[in-house]
Every structure is written in structure tokens, then in C-alpha cells.
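[1] sequence and predicted structure, then a few things I'm wondering about:
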Amino acid sequence: MNKYLEKIAKAYSEVGSTFTHEGQEYDLNKVLSLVRDKRVVRTPVRELAWVLQYDKTDPNRLAKADPKVPVVVVKGKHGLTAVDGLHRLSKAHSSGLSHIPSREITKDELMLAKKGPQ
């Protein structure tokens, strides 16, 4: 990944954003801070695309999505799941890209971003 994209990926945040994974709510910015310095790898889009059938993308966000910015993935019972970057993943998939940059968060790290009682 070039230095410009790395800078964007490190600076990326969304004020007050949360997401739900396997029925639990998580703080997105906490997740992003936990993966900020992790190595970026190329992940096959086909390994992540299954999640697209379970969520809707906002057309405005999809139009602005940059599939060069890493998504955040976690290994789970269905293989890899994108927990951040649905719009980037959707754009990569619809554009026919074979790989998308990603950073992996472990389940233990993900629990540190859990909202509500720990």
C-alpha cells in the first residue's frame, strides 16, 4: 500500500459509529484504533462477499467508497467476516476486484471494543 493510502487508513474514523457483529454492538473507533498499526494484507473478495447478502449499502456511501482503504476482518465460524468496510467491500465486489486490502482483528481484541457490560 502506498504512503498516501496508509495515511488515509490510519486517519479514518467515524464519530459515534458502532456496528453489530453476531448480535453484539461494538465501538467502531475502538476497533480502528486496535488495528491501526497492524499489517495490511490482500484478502480475496470472494472470502468476504458472503456478508453482502445480510446488509444493505447506502447508495451515497457506496459511491464515495474507496476499496483501496483497508477493511477490518475477524475470523469466525463462517470464515472471515468484514466488520468494517461494507461499502468498500461492496464496491470492490461490484467492480470485479479480486482482492481488497484488510487488517485482521482477533476475537479477543474485538471484545475490547464491545459496547455495554464487558
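    Here it is on my side, so go on.
[2] show me where pLDDT drops low in the chain?
    Along the chain, the parts satisfying pLDDT under 70 run over 1-16, 117-118.
[3] center of the protein - which residue?
    The residue lying closest to the centre of the chain (C-alpha atoms, centre = their mean) is D84, at 2.5 Å.
[4] list the residues that contact it.
    Going by C-beta atoms under 8 Å, 6 or more residues apart in numbering, D84 touches 19, 28, 31-32, 71-72. Where C-beta positions appear, they are placed from N, C-alpha and C, glycine not excepted.
[5] which one of the residues you listed is nearest V51?
    If you rank the contacts of D84 by distance to V51 using C-beta to C-beta, V71 comes first, at 10.2 Å.
[6] do you know how far the residue nearest to the centre of the chain is from G96?
    With distances defined as C-beta to C-beta, to the nearest Å, the gap from D84 to G96 amounts to 22 Å.
[7] then L28?
    Taken as C-beta to C-beta, the spacing of L28 relative to G96 amounts to 28 Å.
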